[in-house]
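> When you get a sec, could you give me coordinates for this:
(one chain, ligands or ions: 1)
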Amino acid sequence: MAEPVYSLEGKRIWVAGHRGMVGSALVRRLEKENPAVLLKVTRSEVDLTDPSATARWIGREKPDAVFVPAAKVGGILANDTYPADFLYDNLMIAANVIHACHMAGVEKLLFLGSSCIYPKFADQPIVEDALLNGALEPTNEWYAIAKIAGIKLCQAYRKQHGDDFISAMPTNLYGPGDNYNLETSHVIPALIRKAHEAKLAGAKNMEIWGSGTPRREFLHADDCADALVHLMKVYSGPGHVNVGSGEDITIEELARLVMDVVGFDGELVRDTSKPDGTPRKLMSADRIRALGWAPSIPLRDGLETAYRWFLENQSKLDTRRA
Ligand code: GFB
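Take a look at the predicted model:
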C-alpha cells in the first residue's frame, strides 16, 4: 500500500468538466474528502477550448488541486466521423488547462487520458510502457493523439518547472450520466437502450455493430472516480497510470449480459458495415494495484445500476437514432 503524498482536505479542488459522467462521479466522491471548496464551471461560463477565458478563470479562482476529465468524448463512430473536433477540442482543452494551472501555481493536477492511446496491436495486457511503440487504431487516432499530448504536457511541465502534474489512463467507462445517443455513444449505453427498446417492441432481435468478436475492458465511473482520488493522494511521478478492472469480455458476451440485465430474450444481428475498432485493449492493472487500489463494482452489478439510471432518466436523454 502506497503512503499518501498529498492531502485533499481543506483544499480548493476544481473538477474540470464536472457535468460529464466522470466529472459528476468525481464530484460525488470528492465530497467525502472534506475539501474547502469544490469549484465548478459550466461550458457556457468558460469554454476550455478558449485560452484567454480558461486562463482568466483559473487565475481568478486559484484552485489548489485540479482533476481534468473535461474532454470531447464519444464512441467508435463519433471518433471516426468527427476527427477534427476530437483532435482540436481535446488538444486545446489539455493545453489550455495544463498551462493555465502552471501559471496559477496549482499544487497538483491529474489529467485523464484513455486506453486508446496505446498501439492497435499492443501486447496484452497493455503495460504503461507500450505508449508510442506502434501505430494507433485509425478510428480513434485523433482522440488518442490529443490525449498523448496531454500526458506529454504533464511530463514536460514536471520536467521543466517541477509541477506535480500526473496522468491516468482509464479503460472504457460506463455509469450514471452516460450518453445514450446511438450515433455518438459508447457500446454499453447503446446496448442498454437497444435491448430496452427491443423488449418494449416485442422484437425478435437486436442489432450490434461489427463482428461482436472485439474484446473490451469496462469500469464503472464510480470506481474510476475512486481510483483517480486515490492516485491524487498517493502518486507523484512522470509516468501515467492505467485505471482498469483487469478483465475483458467480447462484445457478443457483453451484449448477452446486457440483454439478461434488461430482460430481453432475442437474437443478435451483426451490422458488419460498422467498424470493430481495436481487436483487444485489456490494460495491465499491475501499477495501480501496487499503489493500493482495486475496483469494487462487478460488471453485472454496474450494468444493473446503469440500466436503472437509464429508466429513471430516459425522458431527459438525447436518444436520437443513428
Ligand atoms: O464503445 P465503443 O464505441 O468504442 O465500441 P471503442 C466498442 C466496440 O463495441 C466496438 C462495438 O467493437 C463496436 O463496434 N459495438 C457493438 C458498438 N454495438 C455497438 C453499438 O451499438 N454502439 C457502439 N458505440 N459500439 C472508443 C474510442 O473505442 O473507446 C474512444 O473510439 C475512447 O476514443 C473509448 O477511447 C474509450 O472501445 O472501440
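
> Neighbouring strands - and their directions - for the one helix or strand R270 maps to?
Per DSSP states H and E, R270 falls inside strand 267-271. Strand pairing for strand 267-271, determined by DSSP bridges: strand 205-209 (parallel).

> May I see the buried residues of the helix or strand where R193 lies?
Per DSSP H and E: R193 is located in helix 187-201. Of all the residues in helix 187-201, those buried under the rule 16 or more other C-beta atoms under 10 Å are 187-199. C-beta here means a position set from N, CA and C on the backbone, and glycine is covered the same way.

> before we move on, what about stretch 107-117?
In stretch 107-117, counting by 16+ other C-beta under 10 Å, buried: 108-117.

> is the ligand contacted by it?
Yes: using C-beta under 6 Å from any ligand atom, stretch 107-117 reaches the ligand at 114, 116.

> And stretch 135-150, by the same measure?
Yes: Stretch 135-150 lies within reach of the ligand by C-beta under 6 Å from any ligand atom, at 139-140, 143.

> Need the distance between the two termini of stretch 252-272.
13 Å (C-alpha to C-alpha, to the nearest Å).

> That should have said stretch 160-167, apologies.
Length of stretch 160-167, first residue to last, C-alpha to C-alpha: 17 Å.

> Can you tell me what sits against that stretch?
6, 98, 101-102, 106-113, 150-151, 153-154, 157-158, 231-232, 235-237, 240-241 (C-beta atoms under 8 Å, 6 or more residues apart in numbering).

> Take those and keep only those in strands.
108-112, 241 (DSSP state E).

> got JSON lines for the residues you listed, with pLDDT and distance to S211 too?
Output for the ones in strands among the contacts of stretch 160-167, formatted as JSON lines (pLDDT from 0 to 100; distance: C-beta to C-beta, whole Å):
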{"residue": "K108", "pLDDT": "98", "distance to S211": "43"}
{"residue": "L109", "pLDDT": "99", "distance to S211": "40"}
{"residue": "L110", "pLDDT": "99", "distance to S211": "36"}
{"residue": "F111", "pLDDT": "99", "distance to S211": "33"}
{"residue": "L112", "pLDDT": "98", "distance to S211": "29"}
{"residue": "V241", "pLDDT": "98", "distance to S211": "32"}
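
> Between these, which sits nearest G210?
Using C-beta to C-beta, L112 is the member of the ones in strands among the contacts of stretch 160-167 that sits closest to G210, with 25.9 Å.

> Could you find the closest non-adjacent residue to that closest one?
P69 (4.8 Å; C-beta to C-beta, 6 or more residues apart in numbering).

> can you check A122 too?
With sequence-adjacent residues excluded and distances taken as C-beta to C-beta, 6+ apart, A122 is closest to A130, at 4.4 Å.

> hmm, whichever strand or helix holds R300 in reach of the ligand?
Using DSSP H and E, R300 sits in helix 299-313. No: using C-beta under 6 Å from any ligand atom, helix 299-313 stays clear of the ligand, with a minimum separation of 13.4 Å.

> Pretty sure A16 is one of the things G23 touches, is it not?
Yes: with contact defined as C-beta atoms under 8 Å, G23 counts as touching A16 (7.5 Å).

> more crowded one of the two?
The neighbour comparison of G23 against A16 (other C-beta atoms under 10 Å) goes to A16, with 28 against 23.

> any idea how far that one lies from the ligand?
For A16, the distance to the ligand equals 18 Å [C-beta to the nearest ligand atom, to the nearest Å].

> Now the residue of the stretch 1-150 of the chain found nearest the ligand: closest residue in space, sequence neighbours ignored.
The nearest approach of the stretch 1-150 of the chain to the ligand comes at G75, 2.8 Å away (C-beta to the nearest ligand atom). Excluding the flanking residues, the one nearest G75 by C-beta to C-beta, 6+ apart is H186, at 4.3 Å.
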